[in-house]
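fold the stuff below for me.
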Amino acid sequence: MNYYQSCAAKGNYGNRQRGLFYRSMERAAVNIYRTDSSLEILVFAPGRIREHFSLAIKGNELEVSYTPPEGFARPEWIRREYSRGGFIRTFALDPSIDVSGITAKYVDGVLQVSLPLATGKEAAPHTIPVS
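From the prediction side, this is the model:
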């Protein structure tokens, strides 16, 4: 499984504007681990509202996103080390994932996405030479 990180469409990073969008701190850290029967994605997203998460399968990718509610307070920060804003994370799924069995739950600031492995469809191992 591969993943791609996308910055949020809004937000700022060091108050430097980059085109129409700002580079954003508004992303969520992710840990991924494997069990005997699944891959587990832990999206660290404290202070978010469960109903504003969205998970969608688009082709062979899983998109995990969060959109803050309208009128979301944006205080005048003195110091800011994490954001409660929106984000999009995209993960490429290989054929060993049982897409119909994907589940998610948000507990204690962590969105846990469980990707069950389909029996008999293990990804073929391959090596990549380094040049």
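
let's check: the centremost residue of the protein is which one?
For the chain, Arg89 is the residue whose C-alpha lies nearest the centre (CA atoms, centre = their mean; 3.5 Å).

quick check, that one in a strand?
Yes - Arg89: assigned to a strand according to DSSP: H, G, I helix; E, B strand; the rest coil.

how close does it get to Tyr82?
15 Å (CB to CB, to the nearest Å). From N, CA and C alone the C-beta is placed, and that goes for glycine too.

ok, back up a step: can you give me phi and psi for the closest residue in space to the residue nearest to the centre of the chain that isn't next to it in sequence?
Spatial nearest neighbour of Arg89, chain neighbours left out: Val64 (4.8 Å); criterion: CB to CB, 6 or more residues apart in numbering. With angles defined as degrees, to the nearest 10, Val64 sits at phi -110, psi 120.

surely Val64 meets Phe53?
Yes - with contact defined as CB atoms under 8 Å, Val64 counts as touching Phe53 (7.3 Å).

what touches both of these two?
Common neighbours of Val64 and Phe53 (criterion: CB atoms under 8 Å, 6 or more residues apart in numbering): Leu111.

so between these two, which is more surrounded?
Val64 (22 against 17; other CB atoms under 10 Å).

who's that one bridged to?
Leu55, Arg89 (DSSP bridges).
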